[in-house]
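> 3D model of this:
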Amino acid sequence: MIDWFSFYEWVRSLFGFSLERDIKAAHLLASKLTPRTVDVAEGRLRELVNGADVAVVGAGPNLDSEIEDERLRELVIVAADGATTALLRRGLVPHVIVTDLDGRIEDQIRANNQYGSILLIHAHGDNIDTLEASLTLFKGSLIGTCQVAPPPPLRVYGGFTDGDRALFTALRFSPRSVRLVGWSFDGTVGWASKPHYDGAVVAVGRKRLKLVIAEFMVKVAMELYPGVVRWGLG
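From the prediction side, this is the model:
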């Protein structure tokens with residue numbers, strides 16, 4: 001299996017991320033959650049995913065066309081951050097949302113508070129201000145995750161970007177299958193990825209490197225879970 005802490009050390013070395021800020025973010029998030037509520041939320045997550053057919057929905061440029069497939073409604077939907085917005089516009093409520101809160105937060109709040117989506121909020125050094133500003137707005141089921149040794153009650157399920165974190169989170173709870181919907185590694189990112197995007201944009205710099213890592217992690221997942229992780233709904 002993957003040594004996630006060594007993986008995160010490698011990622012920090014690639015991007016120049018601060019270990020100290022990752023730790024600070026993790027402790028901030030941990031201070032806002034209680035072990036009991038996280039345990040209950042994790043129990044719900046396990047019941048949803050265990051033995052189920054799951055769709056992990058990314059925010060790629062192909063997102064809108066792929067979520068038109070009615071077969072998606074038959075699956076447990078795990079949304080990667082900004083994909084939540086596209087799903088809600090389509091009348092699809094994600095069962096689970098994996099986010100570091102850089103998508104359209106108002107849609108994630110609505111999904112969590114009104115529709116019962118389980119929210120997995122990830123803490124890292126670059127989203128401390130967003131965590132401080134937003135955490136009290138979520139009233140539903142919450143699980144906190146991080147990329148350092150987790151202060152209780154945080155979890156480490158693995159993955160780096162919202163998409164591959166969503167994938168490895170789903171795999172942690174033994175699904176029957178995982179379908180990758182709205183994923184693309186063609187060098188562009190979809191409009192749903194960030195609140196200020198009006199359409200697909202070319203990934204450059206750090207964003208391009210993040211796509212490379214995400215693509216690599218999908219390949220790793222397919223090797224570790226042969227026959228479980230599949231492209232699309234076909």
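> now the residue most central in space within the chain: closest residue in space that isn't a chain neighbour?
In the chain, the C-alpha nearest the mean C-alpha coordinate belongs to residue 98, at 2.9 Å (C-alpha atoms, centre = their mean). Take residue 98 and drop its neighbours on the chain: the residue closest to it by C-beta to C-beta, 6 or more residues apart in numbering is residue 166, 3.9 Å away. Glycine gets a C-beta too; all of them are placed from N, C-alpha and C.
> so which helix or strand takes in that neighbour?
helix 162-172 (DSSP states H and E).
> next one: residue 87
helix 83-89.
> what's that helix packed up against?
helix 63-66, helix 105-113 (3 or more C-beta pairs under 8 Å, 6 or more residues apart in numbering; DSSP states H and E).
> which of the helices and strands in this structure ranks last by mean pLDDT?
Between all helices and strands in the chain, the lowest mean by mean pLDDT, DSSP states H and E belongs to strand 201-202, at a mean of 86.
> what's in contact with it?
Contacts of strand 201-202 with the rest of the structure, by C-beta atoms under 8 Å, 6 or more residues apart in numbering, involve 187-189.
> you'd agree residue 35 is up against residue 154?
No. Using C-beta atoms under 8 Å, residue 35 is not in contact with residue 154; the gap is 10.2 Å.
> hang on, the residue nearest to the centre of the chain in a helix?
No. Counting by DSSP: H, G, I helix; E, B strand; the rest coil, residue 98 is not part of a helix but strand.
> and the strands in this structure?
Using DSSP state E, the strands of the chain run over 53-57, 76-80, 96-99, 118-123, 142-146, 177-181, 188-189, 201-202, 229-231.
> format the contacts of strand 201-202 as JSON lines; extra columns: pLDDT and distance to residue 150.
Listed next are the contacts of strand 201-202 as JSON lines, based on pLDDT from 0 to 100; distance: C-beta to C-beta, whole Å:
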{"residue": "187", "pLDDT": "88", "distance to residue 150": "33"}
{"residue": "188", "pLDDT": "90", "distance to residue 150": "33"}
{"residue": "189", "pLDDT": "87", "distance to residue 150": "28"}
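> of the helices and strands packed on helix 83-89, flag the one that's most buried.
helix 105-113 (a mean of 19; mean count of other C-beta atoms under 10 Å).
> I'd say residue 81 and residue 162 touch.
Yes. Contact criterion C-beta under 8 Å: residue 81 and residue 162 qualify, at 4.1 Å.
> pull the contacting residues for residue 136.
Residue 136 touches residue 32, counting by C-beta under 8 Å, 6+ apart.
> distance of it relative to residue 154?
Residue 136 sits 18 Å away from residue 154, taking C-beta to C-beta, to the nearest Å as the criterion.
> good, we can wrap up now.
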